[in-house]
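[1] The following block contains a protein sequence and its predicted model.
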Amino acid sequence: MASTETKTTDARAEGDAQIASVEAGLDALETSAVSRTSVRQTLVGKVLPPVVAVAVLLVVWQALITFKIVDDPSKLPSPADVGGEFKDAWLEGKLLGYVWTSVSRGLLGFLFALAIGTPLGLLVARVKFVRAAIGPILSGLQSLPSVAWVPPAVIWLGLDNRMMYAVILLGAVPSIANGLVSGIDQVPPLFLRAGRTMGATGLKGAWHIVLPASLPGYLAGLKQGWAFSWRSLMAAEIIATSPDLGIGLGALLENGRNTSSMSMVFEAILLILFVGIAIDLLIFSPLERRVLRSRGLLVKG
């Protein structure tokens, strides 16, 4: 009897030791997951690669000029010429104005598209008749080039900011709505049944169950919607120019073409590229990392 009790005690102790070992391993994993990235790791892993890429691009660009591979400044200006264009615009106090004119329009138009595309996506995803009726139309609008909306928008609304916002909405709303529909389609039915069991139906179910569960697909739709809205705005600014509209980045690009100033064209292209990258890095990438991390799909460390 004593021998049996001893064996039971030893087995229990061994089991407790194994449980403790597993708990320690889980604690270690959790600790490593929440540990902060050092400044050096951030610089080496995130800052250094794009800096090196830009440096290599500048070296290749300058080499094309130095070795006269492209010796026509009207086709390819030197980095110094483009830098001089930036300097002149800055000294004249116009550079930030170019950027702000386009960014303010783009962000405000995107917010309007967000307010329209989100309920529209919920409606299409949850109501079968609406989905059958306008689902294909949304997909068709998403594939339609945004520049096609500029001429009718000018005719309907004239050369003012209303035309700009209309083009942005027509470019961004279908992408946002389709992204939300795709995200909702991927929500496990078990989540919806559990929500209904707990009384989360109608708007309450959409807010507390459907939207959080569909967030990854919805966020992808938002990123695509911003890309479409930014491209739509650039197309509208290039085609529709007026003193009342001010000079945004698209208008700056068109002015460079009209004056045959390739340095101004490159200035506008670089600014458009910079704004697109900055919005993604400052807004959408942090949101995406936060969503993925909250679902255990991204380990911080």
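    Received the coordinates, thanks. Residues are numbered from 1 along each chain as shown.

[2] the helices in the stretch 201-301 of the chain, which residues?
    202-205, 211-213, 215-239, 249-258, 262-279, 285-294 (DSSP state H, counting those that start in this stretch).

[3] All the helices of the stretch 1-150 of the chain, residue numbers only.
    Under DSSP H, counting those that start in this stretch, the stretch 1-150 of the chain gives helices at 2-34, 39-42, 48-66, 79-91, 95-126, 128-143, 150-157.

[4] Mind giving me the packing neighbours of the fourth one?
    With contacts defined as 3 or more CB pairs under 8 Å, 6 or more residues apart in numbering; DSSP states H and E, the packing partners of helix 79-91 are helix 48-66, helix 95-126, helix 262-279. C-beta here means a position set from N, CA and C on the backbone, and glycine is covered the same way.

[5] Repeat the analysis, applying 7 Å as the threshold.
    For helix 79-91, the packing partners by 3 or more CB pairs under 7 Å, 6 or more residues apart in numbering; DSSP states H and E come out as helix 48-66, helix 262-279.

[6] And these: which comes nearest residue 111?
    helix 262-279 (12.9 Å; CB to CB).

[7] Show the low-confidence segments of the stretch 51-200 of the chain, by residue range.
    Scanning the stretch 51-200 of the chain for pLDDT under 70 picks out 192, 199-200.

[8] sorry, back to before: of the helices and strands packed on helix 79-91, flag the one that's most buried.
    Each of the helices and strands packed on helix 79-91 was scored by mean neighbour count; the highest is helix 262-279, a mean of 18, by mean count of other CB atoms under 10 Å.

[9] Need the residues that contact that helix.
    Contacts of helix 262-279 with the rest of the structure, by CB atoms under 7 Å, 6 or more residues apart in numbering, involve 74-77, 81-82, 85-86, 98-99, 103, 226, 230, 234, 249, 252-253, 255-257.

[10] thinking again about what came up before, could the helices of the stretch 201-301 of the chain be laid out in CSV, adding mean pLDDT and distance to residue 93?
    What follows is the helices of the stretch 201-301 of the chain, written out as CSV (pLDDT from 0 to 100; distance: least, CB to CB, whole Å):
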stretch, mean pLDDT, distance to residue 93
helix 202-205, 67, 49
helix 211-213, 77, 44
helix 215-239, 89, 20
helix 249-258, 92, 14
helix 262-279, 92, 15
helix 285-294, 82, 31
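
[11] want to throw these into a markdown table with distance to residue 68?
    As requested, the helices of the stretch 201-301 of the chain are arranged in a markdown table below (distance: least, CB to CB, whole Å):
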| stretch | distance to residue 68 |
| --- | --- |
| helix 202-205 | 67 |
| helix 211-213 | 58 |
| helix 215-239 | 32 |
| helix 249-258 | 24 |
| helix 262-279 | 17 |
| helix 285-294 | 40 |
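
[12] Any idea which of the ones you listed gets closest to residue 163?
    Residue 163 sits nearest to helix 215-239 of all those, at 6.8 Å, using CB to CB.

[13] List the contacts of that closest one.
    Helix 215-239 has contacts (CB under 7 Å, 6+ apart) with 102, 105-106, 109-110, 113, 117, 146-147, 150, 163-164, 167-168, 171-172, 175-176, 178-180, 182-183, 186, 248-251, 253-254, 272, 276, 279, 284, 287-288, 291.

[14] In contact with residue 250, which residues are there?
    Counting by CB under 7 Å, 6+ apart, residue 250 touches 102, 233-234, 236-238.

[15] One more pass at 10 Å, please.
    98, 101-102, 105, 164, 231, 233-241, 268, 272 (CB atoms under 10 Å, 6 or more residues apart in numbering).

[16] now do residue 241
    By CB under 10 Å, 6+ apart, residue 241 lies in contact with 159, 247-248, 250-251, 254-255, 258.

[17] now swap in residue 214 and tell me
    Contacts for residue 214 (CB under 10 Å, 6+ apart) come out as 121-122, 125, 179-187, 191, 206, 221.
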